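>>> Task: produce atomic coordinates for the following.
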Amino acid sequence: MPPSEERLLAAAIYVTSFFTTFIGPLIIWLLKKNDSEFVDYHGKEYLNFLISYTVYSAISVVLMIILIGVITIWIVGILAFIFTIVAAVKAYEGREYRIPLVFRVLK
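Next comes the predicted model:
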């Protein structure tokens, strides 16, 4: 199990995303990625999550032309909220968590 400081920083990546979607998690990850494999894993996982769900949101906006996008944008938002909370809890518990429906751009 990773030390408590690493677990706290990994969880902070997800928690700060509620306040600063991109900048906060990116700063934590860039500062600690070389010091901790655990923080590096969760930083990459969050950034992959952000990229993937941004693509899903953009597709939903385009689909708003045919009205189905109104429903899909809500689904994407709710899933993003739930998966962020679950990932923060798993990171704090010291476990690696792969967020569903995420493209693995950063490896």
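
>>> could you measure His42 against Phe18, distance?
Distance check for His42 against Phe18: by Cβ to Cβ, to the nearest Å, it reads 15 Å. To be clear about C-beta, it is placed using only N, CA and C from the backbone, and glycine gets the same treatment.

>>> Look at those two and report which has more neighbours.
Shown here are His42 and Phe18; by other Cβ atoms under 10 Å, His42 has more neighbours (30 against 12).

>>> Which strand or helix spans that one?
With elements taken from DSSP states H and E, the one containing His42 is helix 37-63.

>>> and that helix, which residues are buried?
By neighbour count on 16 or more other Cβ atoms under 10 Å, the buried set for helix 37-63 is 38-50, 52-53, 56-57, 60.

>>> From the contact counts, what lies against it?
The helices and strands touching helix 37-63, judged by 3 or more Cβ pairs under 8 Å, 6 or more residues apart in numbering; DSSP states H and E, are helix 4-16, helix 23-32, helix 68-92.
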